[in-house]
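Chemist: All I have is the shape, not the residue letters:
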């Protein structure tokens, strides 16, 4: 009997256990069946500029609201195409496939970050993916090679005044016509901006409406449209700046609110009469309601009375407001005068640039543009350069101008390690060219920790240098790294790429700056060279940067 009870108990527990596992399995299946999000790429290795197709697949019910990521959420890769969502129906589920075309125009290894897909109120994340962007290798061994031809002198073509005039005269005539049209439009626009005061404008508009033929031609809809626009425009300028965009009920509600708050002493009768006319106008305009003879003229008279009553309850402007308005009008007048001069100067500049382009082609255009607008990088490149030593141990470098020593504060956490630190700079990080040098020597007590650092910890030191660069305003950094060797065989690490400069808490410059950062670690010290420059169509900035970087040499520390 006891054995039978044990057997029954065993069967009961076994059945209960099976039921538990079945329920748990059903719960998991139900949970994962609600929505499944997966991602994939068609390739993890591409050439520069080649497209990667990134796919996100979602399985969900037909009632689920699915929102895929949009915009540049794939940085550092760029989205070149966002394809339409492909939808299929399978086993009472919808399968949604969203594809993105991604690319990158700089070689290196990049990570596609995790993407967020919102299904109803839940967020699902995809896996990050690592991709490699390769340079395009050109095999010169399979191409036919030719000897370099000797240089020959070519006579400069003579100045052709006739051809220049044939090009220049039509261009000047076209620019004159365009300038006249723009000036005429600007004059008409300024005339429109010189508005009458609100009350005079409303009364003038009512008198103009009296001379119209809308009522004679049996066009009550047009008549009431102009009538309600007149009163709304008046209220918009004098009472409530949302009157023109408000419906009739919204406008009446806001006038009642102004009355209750004590801003304007409207009478209840005035608001009631305006409400009646606005509702009647809505019926005429939208329901084509027939009006009794003389009703429109009566409503027009009532609108004028409402405007007069409103004018009486509007408080007179204070002396401060009148002064501010006069100053504003004077500022607007000066602004219009400045614009006229600017348009004139711009027209002359365009003529000069076009003449330079016709005369000298692209080179003449660039030279003329540099002469008129100025090119700071070109001036630095063509001036006399200075080769000097900075810091201890010295960094030997050639620069357009002498670098200036800058005070540097050593953090309290580094006081026990750092013996001395020197910083030398030229310009600011927002200038067309910025040079920054740093030499840091460590104390004898910490020297034991610095030995062997020259090659073993270069990557860590570079990470720290890039972090400091971000603290100084570099945002949206693209970073590529490689080894670097000076002409005398001193090895280090180089980081280069692009970034935007943050000039304040809420402003980041749109212009992209390029940079190159060299890092050398010696026994007992670290030396850094940073060059930041703004590209100028590849004419001078790149050459200036290369000349600076190629001139770098180091004094070897004897510590």
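Modeler: That came through fine. Keep in mind that what you see is a predicted model, and the values were worked out from it rather than measured.

Chemist: what about the closest residue to residue 313 other than its chain neighbours, how many neighbours?
Modeler: Computed as C-beta to C-beta, 6 or more residues apart in numbering, the closest residue to residue 313 that is not its neighbour in sequence is residue 265, at 4.5 Å. Heads up, the C-betas are built off the backbone N, CA and C, glycines and all. The tally of other residues near residue 265 (other C-beta atoms under 10 Å) stands at 13.

Chemist: Now do the strands in the stretch 251-400 of the chain.
Modeler: Applying DSSP state E, counting those that start in this stretch to the stretch 251-400 of the chain gives strands spanning 386-390, 395-399.

Chemist: Nearest to residue 297, out of those strands?
Modeler: The stretch from those with the least distance to residue 297 (C-beta to C-beta) is strand 395-399; that distance is 84.1 Å.

Chemist: quick revisit: right, so the strands of the stretch 251-400 of the chain: which one is the most enclosed?
Modeler: Each of the strands of the stretch 251-400 of the chain was scored by mean neighbour count; the highest is strand 395-399, a mean of 20, by mean count of other C-beta atoms under 10 Å.

Chemist: re the thing from before, and residue 501, which of the strands of the stretch 251-400 of the chain is closest to it?
Modeler: Proximity to residue 501 (C-beta to C-beta) singles out strand 395-399 among the strands of the stretch 251-400 of the chain, at 20.7 Å.

Chemist: Next, the angle strand 386-390 makes with that closest one.
Modeler: Between the axes of strand 395-399 and strand 386-390, defined by axes from the mean of the first three to the mean of the last three C-alpha atoms, to 10 degrees, the angle is 150 degrees.

Chemist: pLDDT weak spots in the stretch 451-559 of the chain?
Modeler: Applying pLDDT under 70 to the stretch 451-559 of the chain flags the ranges 451-456, 536-539, 557-559.

Chemist: before we move on, what about the stretch 51-200 of the chain?
Modeler: Counting by pLDDT under 70, the ranges of the stretch 51-200 of the chain that qualify are 137-149, 151-163, 187-195.

Chemist: sorry, back to before: the strands of the stretch 251-400 of the chain into CSV, with extra columns for mean pLDDT?
Modeler: Supplementary listing: these in CSV, determined by pLDDT from 0 to 100:
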stretch, mean pLDDT
strand 386-390, 87
strand 395-399, 89
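
Chemist: my guess is residue 392 contacts residue 424, does it?
Modeler: No. Look at residue 392 against residue 424 with C-beta atoms under 8 Å: they stay out of range, at 11.8 Å.

Chemist: Compare the two (neighbour count), which wins?
Modeler: Residue environment comparison for residue 392 versus residue 424 gives the larger neighbour count to residue 424, 20 against 14, counting by other C-beta under 10 Å.

Chemist: pretty sure residue 103 is touching residue 74, no?
Modeler: No. Under the contact definition of C-beta under 8 Å, residue 103 does not touch residue 74, with a separation of 10.0 Å.

Chemist: Count the neighbours of residue 420 for me.
Modeler: If you count neighbours by other C-beta under 10 Å, residue 420 ends up with 14.

Chemist: In which helix or strand does it reside?
Modeler: Secondary structure assignment for residue 420, by DSSP states H and E: strand 418-426.

Chemist: Would you tell me what the next helix or strand after that strand is?
Modeler: The helix or strand immediately downstream of strand 418-426 is strand 433-442, counting by DSSP H and E.

Chemist: That following strand vs strand 386-390, what angle?
Modeler: Going by the same axes, to 10 degrees, strand 433-442 makes 30 degrees with strand 386-390.

Chemist: Give the pairing partners of strand 433-442; include direction for each.
Modeler: The partner list of strand 433-442 in its sheet, established with DSSP bridges, is strand 418-426 (antiparallel), strand 525-533 (antiparallel).

Chemist: in it, what's buried?
Modeler: Using 16 or more other C-beta atoms under 10 Å as the burial criterion, the residues of strand 433-442 that qualify are 433, 434, 435, 436, 437, 438, 439, 440, 441, 442.
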